[in-house]
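>>> Sequence first, then the predicted structure, then my questions.
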Amino acid sequence: MGKIVSFSNQKGGVGKTTTCVNMAAYIASSGKKVLLLDIDPQGNATTGLGFSKSSLKKSVYNVLIDDEEKASDNILHTEVETLDLLPSNIDLAGAEVELVYKRNREKILKNKLAEVKNNYDYIFIDCPPSLGLLTINALAAADSVIIPIQSEYYALEGLSQLMNSITLVKQHLNSALDVDGVVLTMYDSRSLIAKQIAEEIRKFFTRRVFEIVVPRNVRLVEASSYGKPIMLHDPKCAGARAYKALTQEYLNRETKK
């Protein structure tokens, strides 16, 4: 049975999608089967894996809104052999309004994923940078959460709101939900502020913070624009080495549970 992990932070521009895409790719390259589910209307994970949002006739939107639509009928195969994608497109932008009128609306995604959960070792969900119904669906469906946080001055802004949302989901929708870890992204070792923020985050989350930090790296931005995970774009760059090591640290933690 696959483990479902939501990548969430309601603050945008924190490296959430980059972390989700690249960890998924490295886990898949280790021989495990991974499904990446893009529920962000911006669809950056979809384009980051080489698909054009505008050319997709169906997406996760159809799965969420249409009671008869199966997740398995909307899955795409990516360039990484054992990495699949359930894509986003622009239609998803209106999904939260439409979901309001549905019964059991917070658990629609969980119910739809039940059909494919056993086909994968991991299902990674790239959440929108908000705490609306799409993110609530992702948290209700997930076994755990990974929180990417950029190593910058406003990093902790809104973090208490995210943790409060996770607590509410645990209380009312998904008692098993846990925080797997916190990833420090866009880290600049030359910056005193970055070091101070990293210290604060490690104090706040203690052992949940991954030891490996992801540096600010232009190759990561390039890889996204070319529609490739960093392991296919420039596997020797600093960003690739960091995500490979981060993924290994994550898998090592998993084996100890």
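Perfect, thanks for sending it.
>>> Identify the residues contacting residue 254.
residue 3 (Cβ atoms under 8 Å, 6 or more residues apart in numbering). Where you see a C-beta, it was placed from the backbone N, CA and C, and this is true even at glycine.
>>> and if you look at residue 247?
For residue 247, the contact set (Cβ under 8 Å, 6+ apart) comprises 22-23, 26-27, 30.
>>> before we move on, what about residue 182?
146-149, 201, 205, 208-210.
>>> so which of the contacts of residue 247 comes closest to residue 135?
Using Cβ to Cβ, residue 23 is the member of the contacts of residue 247 that lies nearest residue 135, at 18.6 Å.
>>> Can you list the residue ranges for helices in the stretch 151-257 of the chain?
Assigned by DSSP state H, counting those that start in this stretch, the helices in the stretch 151-257 of the chain fall at 159-172, 192-205, 218-225, 230-233, 238-256.
>>> Any idea which of those helices gets closest to residue 81?
For the helices of the stretch 151-257 of the chain, proximity to residue 81 was assessed by Cβ to Cβ; helix 230-233 is nearest, at 11.4 Å.
>>> Counting by contacts, list what that closest one packs against.
In terms of contacts (3 or more Cβ pairs under 8 Å, 6 or more residues apart in numbering; DSSP states H and E), helix 230-233 is packed against helix 16-29, helix 218-225, helix 238-256.
>>> Give me the buried subset of the contacts of residue 247.
Among these, those classed as buried by 16 or more other Cβ atoms under 10 Å are 22-23, 26-27.
>>> now the residues you listed in JSON lines, with pLDDT?
Below are these laid out as JSON lines (pLDDT from 0 to 100):
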{"residue": "22", "pLDDT": "98"}
{"residue": "23", "pLDDT": "99"}
{"residue": "26", "pLDDT": "98"}
{"residue": "27", "pLDDT": "98"}
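>>> re earlier: right, so of the helices and strands packed on helix 230-233, which gets closest to residue 195?
Closest approach to residue 195 among those is made by helix 238-256 (16.6 Å; Cβ to Cβ).
>>> Okay, angle between that closest one and helix 16-29 too, please.
60 degrees (axes from the mean of the first three to the mean of the last three Cα atoms, to 10 degrees).
>>> quick check: mean pLDDT across helix 238-256?
Average pLDDT, helix 238-256: 96.
>>> neighbours of residue 71, just the number please.
Around residue 71 there are 23 other residues, counting by other Cβ atoms under 10 Å.
>>> Tell me if I'm right that it and residue 84 touch.
No. Judged on Cβ atoms under 8 Å, residue 71 makes no contact with residue 84 at a distance of 10.4 Å.
>>> which of the helices of the stretch 151-257 of the chain sits most buried?
Among the helices of the stretch 151-257 of the chain, the stretch with the highest mean neighbour count (mean count of other Cβ atoms under 10 Å) is helix 230-233, at a mean of 20.
>>> hang on, the earlier thing: identify the farthest-apart pair in the contacts of residue 182.
Of all pairs in the contacts of residue 182, the most separated under Cβ to Cβ is 146 and 201 at 13.7 Å.
>>> so what's residue 197 up against?
151-153, 155-156.
>>> Looking at those residues, which is nearest residue 47?
Comparing the contacts of residue 197 against residue 47 with Cβ to Cβ picks out residue 152 as the nearest, at 24.3 Å.
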